[in-house]
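**Q** Have a look; sequence and predicted model below, questions after that.
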Amino acid sequence: MNARYVALGSSMAAGPGIAPGAPGAPKRSGRSAVNYAHLVAAQLGYDLVDVTFSGATTAHVLSDEQFGTPPQVHALDGSEALVTITIGGNDAGYVPMLAAACLPRFVRSVPYVGGLLRGQLDRAARDRALDAVAESLKTVGTEVRRRAPRARVLFVDYLTLLPPAGESAPPIGDAEAALGRHIAARLAELTAAAAAETGCELVQAAAASHDHHAWSADPWTTAFHWPLPGRVAPLHPNAAGMRAVAQMVIDRVSCA
């Protein structure tokens, strides 16, 4: 029997729009058959249980159902050799903030909708959310270690979406791009801290993908576009990004 591997996380791990879809996966999960978990399992010969789900928050990992699916940690039975975790961005409103920044500015003045968009783009609101993420990530690490005591548990942070300061990311304005970079940097810091404090390991996909942002010549993520069937989700990993992250995980697991 092959070693058991459970993949936990949000759309950044699920891979929405990257064909083909994972057989039997809930449609709303956006789970790809070639996301990084599937690629790792195929290369290393693991029996994969992939419960990644688009839109997942740390609460969906720990305690809340998502469209009728149980909390993701319920997939753990203690026999795991490997667990990967990519989570926290939805708690912080990272991609929703970037998506709001991509819409025409006049929409921010539209009643009701404009208020929601302005809330997404409010730095103080994003910082409050990030403060909560700090503790939630530690809780995730602690609970996964408790449920999978024999596993190697790897937090995998998010691939870089935005170019560095000084480079444009149309249609995102400079101020909004700066906020996005701030959120991304905090998420990477908080993920590293959670891994260190809970006895987990860290795969630094954010740092490794610095030169492969969505506006680069060799992107591992997608820039903004209107979501359409058959296209990789906007502001998410593409197939090349999933292959890159898979190799990072394989390299880490292969280290004694």
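**A** Looks like it came in fine. Numbering: from 1, shown residues only.

**Q** Which other helices and strands does the one helix or strand residue 249 maps to contact?
**A** Assigned by DSSP states H and E, residue 249 belongs to helix 239-254. If you count contacts as 3 or more C-beta pairs under 8 Å, 6 or more residues apart in numbering; DSSP states H and E, helix 239-254 packs onto helix 36-44, strand 152-156, strand 201-203, helix 205-208. In short, each C-beta sits where N, CA and C put it, glycine included.

**Q** got the contact list for the lowest-mean-pLDDT helix or strand in the chain?
**A** Lowest by mean pLDDT, DSSP states H and E among the helices and strands of the chain is helix 113-120, with a mean of 81. Under the criterion C-beta atoms under 8 Å, 6 or more residues apart in numbering, residues 93, 96-97, 99-100, 103, 107-108, 125 lie in contact with helix 113-120.

**Q** Which parts of that helix count as buried, going by neighbours?
**A** 117, 120 (16 or more other C-beta atoms under 10 Å).

**Q** And stretch 205-220, end to end?
**A** 10 Å (C-alpha to C-alpha, to the nearest Å).

**Q** Could you check how far that stretch is from the centre of its chain?
**A** Centroid separation for stretch 205-220 versus its chain: 15 Å, with C-alpha atoms, centre = their mean, to the nearest Å.

**Q** re the thing from before, out of the helices and strands packed on helix 239-254, which comes closest to residue 190?
**A** Among the helices and strands packed on helix 239-254, strand 152-156 comes nearest to residue 190, with 9.9 Å by C-beta to C-beta.

**Q** packing partners for the helix or strand following the closest one?
**A** For strand 152-156, the following helix or strand on the C-terminal side (DSSP H and E) is helix 174-197. For helix 174-197, the packing partners by 3+ C-beta pairs under 8 Å, 6+ apart come out as helix 89-92, helix 94-102, helix 123-147, strand 152-156, strand 201-203, helix 205-208.

**Q** Compare those and say which comes out lowest on pLDDT.
**A** When those are compared on mean pLDDT, helix 94-102 scores lowest, with a mean of 93.

**Q** what's that helix packed up against?
**A** Using 3+ C-beta pairs under 8 Å, 6+ apart: helix 94-102 touches helix 113-120, helix 174-197.

**Q** burial of residue 207, as a residue count?
**A** Look at residue 207: counted by other C-beta atoms under 10 Å, it has 11 neighbours.

**Q** Isn't residue 192 up against residue 141?
**A** No - using C-beta atoms under 8 Å, residue 192 is not in contact with residue 141, being 11.2 Å away.

**Q** Of these two, which one has the most company?
**A** A count of neighbours by other C-beta under 10 Å puts residue 141 above the other of residue 192 and residue 141, at 22 against 17.

**Q** What's the separation between that one and residue 60?
**A** 16 Å (C-beta to C-beta, to the nearest Å).

**Q** again, but for residue 140
**A** Distance from residue 140 to residue 60, by C-beta to C-beta: 10 Å.

**Q** okay, those two: which has more neighbours?
**A** Just comparing residue 140 and residue 60: by other C-beta under 10 Å the higher neighbour count belongs to residue 140, 28 against 25.

**Q** give me every residue that touches the more buried one.
**A** Residue 140 neighbours (C-beta under 8 Å, 6+ apart): 8, 58, 61-62, 85, 87, 194.

**Q** Filter these down to the buried ones, ChimeraX style.
**A** Buried residues among these (16+ other C-beta under 10 Å), as a ChimeraX selection:
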select :8,58,61,62,85,87,194
